[in-house]
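Asker: okay, sequence plus prediction incoming.
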Amino acid sequence: MKTEIKDILTAVQHGTLSVDEALLAIKTKPFEDIGYAKVDLHRNVRQGAAEVIYGAGKTAGQIIGILDTMKKNGQDVILITRLSQKAADEIRERHPLHFHEEAGVGIIGQPGQPDGIGTIVVATGGTSDIPVAEEAALTAEVLGNEVARVYDVGVAGLHRLLAQKEILMSASVIIAAAGMEGALASVIGGLADCPVIAVPTSVGYGASFGGFSALLSMLNSCASGVSVVNIDNGFGAGYLASMINHMEPRKA
């Protein structure tokens, strides 16, 4: 985490960079105001991950402007969530974009090798939950994690999940995305010895209330170690899983 700053401080410690040079490298402006957006340039320093562009509600032109600013300031890998096909097509005219239509995720640049402490497993109750799960999985991959996908293992056919016990037991974090009654997270929470991040999805019939049924079930899980993000918030789950998977000992 915060690799760039650590590299600068290490260079100072080893005498290959002066204090003034290090100060100049760190003391860039914290954000750039481009009128319709204030692009956060110090987020990687503060949080260990650079700013992510939320594409919904933004025009392709606005996204391109933000991308231009980020690229100009040295950000080589950029994640865009909730991106439409139309906007992706326009962005491709200015920037090389890899677009994952099912998840609505666009990626600029090539993520580096995974450097997390273990593997993040992303599981879904059904095939209909995959778009949200893919948003989580792609987010985690861009943030430097090895990700394993275990899809369509819901409780309606419990044997499908039990057949994946080896993968689940080897995970450092598990993301469980499910709609309907959202029981998958509790079942996984009762099997695994790692943190479980539950993602309620808006999949289900009328009484699922657009994901509220799954949300409430997950919040009331009797399995220990289960946390819950917002409905359909695959990005939030992937980001949190990455933070857990990059935890380091705090030195006094």
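Answerer: It's in.
Asker: mind listing what's buried in stretch 236-249?
Answerer: Residues of stretch 236-249 classed as buried: G236, A237, G238, Y239, L240, A241, S242, M243, I244, N245, H246 (neighbour count, 16 or more other C-beta atoms under 10 Å). C-beta coordinates here come from the backbone N, C-alpha and C atoms, glycine included.
Asker: got the contact list for stretch 219-235?
Answerer: Applying C-beta atoms under 8 Å, 6 or more residues apart in numbering, the contact partners of stretch 219-235 are 52, 81, 103, 131-137, 139, 177, 185-190, 192, 194-202, 210-212, 214-215, 218, 236-237, 240.
Asker: go again using 7 Å as the cut-off
Answerer: Stretch 219-235 is contacted by residues 81, 132-133, 135-136, 139, 177, 185-186, 189-190, 195-202, 211, 215, 218, 236-237, 240 when judged by C-beta atoms under 7 Å, 6 or more residues apart in numbering.
Asker: now, of these, which are buried?
Answerer: Buried among those (16+ other C-beta under 10 Å): 81, 132-133, 135-136, 139, 177, 185-186, 189, 195-202, 211, 215, 218, 236-237, 240.
Asker: tell me who's in contact with G144.
Answerer: Listed by C-beta under 7 Å, 6+ apart, the contact set of G144 reads P111, G112, P114, D115, G116.
Asker: quick one: it from T201, how far?
Answerer: Separation of G144 from T201 (C-beta to C-beta, to the nearest Å) stands at 25 Å.
Asker: same question, I231
Answerer: With distances taken as C-beta to C-beta, I231 is found 7 Å from T201.
Asker: what does L79 give?
Answerer: 20 Å.
Asker: any weak-confidence spans in this structure?
Answerer: 1-5, 23-29, 31-36, 38-49, 250-252 (pLDDT under 70).
Asker: residue ranges for the helices of it, please.
Answerer: Here the chain has its helices, by DSSP state H, at 3-14, 19-26, 43-47, 60-72, 85-92, 130-142, 158-162, 165-169, 184-189, 212-219, 234-245.
Asker: flag every buried residue along the fourth one.
Answerer: Spelled out, that is helix 60-72. Using 16+ other C-beta under 10 Å as the test for burial, helix 60-72 gives A60, Q62, I63, I64, G65, I66, L67, T69, M70.
Asker: for S170, see how far away G210 is.
Answerer: From G210 to S170 the distance is 34 Å (C-beta to C-beta).
Asker: compare those two (neighbour count), which wins?
Answerer: Neighbour count, other C-beta atoms under 10 Å: between G210 and S170, G210 has more, with 16 against 13.
Asker: once you drop chain neighbours, what's closest to that one?
Answerer: Nearest non-adjacent residue to G210, counting by C-beta to C-beta, 6 or more residues apart in numbering: S202, 4.7 Å away.
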